[in-house]
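> what follows is a predicted structure for the sequence shown.
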Amino acid sequence: MKTIGVIGGMSWESSTEYYKLLNRHAKARLGGHHNARSLMLTVDFAPVEALQRSGDWTALGKQMAEASRQLERGGADLVMLATNTMHRVYESIEQAIKVPFLHIADPTGNALRAAGIERVGLLGTRYTMEQAFYTGRLRERHGLETLVPDEAERADVHRIIYDELCHGKINDDSRAVYQRVIEELAARGAQAVILGCTEITLLIQPEDSVLPVFDTTALHAQAAVEWAIETE
């Protein structure tokens, strides 16, 4: 099995989910005592979050590029970034390394198209919902129309991620907020909803949603394991 390199820590709450999912998928595929061969470089989220707020994506790109190089030097055969938002700088990572980079939007886009979905709702940080780096890739590479919540709902979704989920706080009232947002997306014609922040899986499970749920964390981890097994 090839070695999967993970840039984590944004936040570490979701990175722990990645570690569990990578190993569970490997065991499910290979059986016995198998688990995934992996490396994780955990960055400090505080300076990352500050740079996000200030809009200094150039500095963030340099930081993610160096993290990817560290993983490659450590023996990673594939690099993945355990956060949707920081895919804003994915090109900096791809340019920094010789090994493949697995973009988080692609396993999700593939799964949506395989399910016959053409119009999908997106929940994530304000950066993911409002900037074109994510919705643009879904449109251009996968032919998907993406709907995002209105401005007030986007503010609520973003706040809950950073103020609660990144700190491991799971609040029933916040789950109800997300459920109402998903219902609004369904009313506007969304056929499914993307959990487009790796922390949202801590709050929303399939049974919590009126729409089919596509969890980027789970799909990303599964795709990495499949690559690591099949490439070997």
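Cool, the structure landed. If you're wondering where the values come from, they're calculated on a predicted model, not measured in any experiment. Numbers count the residues shown, from 1 in each chain.

> can you list the domain ranges for this structure.
4-103+219-231, 105-215 (automatic domain parsing).

> how far is the shortest one from where the chain is centred?
What that stands for is domain 105-215. When distances are taken as Cα atoms, centre = their mean, to the nearest Å, domain 105-215 is centred 11 Å away from the chain's centroid.

> how about low-confidence regions in the protein?
Residue ranges of the chain with pLDDT under 70: none are present.

> tell me the contacts of the spatially most central residue of it?
Residue closest to the average C-alpha location in the chain (Cα atoms, centre = their mean): residue 84, at 3.8 Å. By Cβ atoms under 8 Å, 6 or more residues apart in numbering, the contact set of residue 84 is 104, 105, 124, 125, 128, 134, 196, 197, 198, 216. For the C-beta atoms, the positions are set from N, CA and C on the backbone; glycine is no exception.

> only the buried residues of the longest helix seen in the chain, if you could.
Using DSSP state H, we find that the single longest helix of the chain is helix 12-30. For helix 12-30, a neighbour-count test (16 or more other Cβ atoms under 10 Å) marks 12-15, 17-19, 21-26, 29 as buried.

> what does that helix contact?
With Cβ under 8 Å, 6+ apart, helix 12-30 has contacts from 1, 4, 6, 8-9, 34-36, 38, 40, 42, 45, 82-83, 165-168, 197-199, 201-202, 217-218, 220-222, 224-226, 228-229.

> and residue 208, what are its phi and psi?
phi -90, psi -10 (degrees, to the nearest 10).

> can you pull the contacts of it?
175, 178, 179.

> tabulate the residues you listed (a markdown table), appending neighbour count and distance to residue 54.
As requested, the contacts of residue 208 are arranged in a markdown table below (neighbours: other Cβ atoms under 10 Å; distance: Cβ to Cβ, whole Å):
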| residue | neighbour count | distance to residue 54 |
| --- | --- | --- |
| 175 | 15 | 31 |
| 178 | 22 | 27 |
| 179 | 15 | 32 |
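
> got a markdown table for the residues you listed, with secondary structure and distance to residue 64 too?
Below are these laid out as a markdown table (DSSP: H, G, I helix; E, B strand; the rest coil; distance: Cβ to Cβ, whole Å):
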| residue | secondary structure | distance to residue 64 |
| --- | --- | --- |
| 175 | helix | 31 |
| 178 | helix | 28 |
| 179 | helix | 33 |
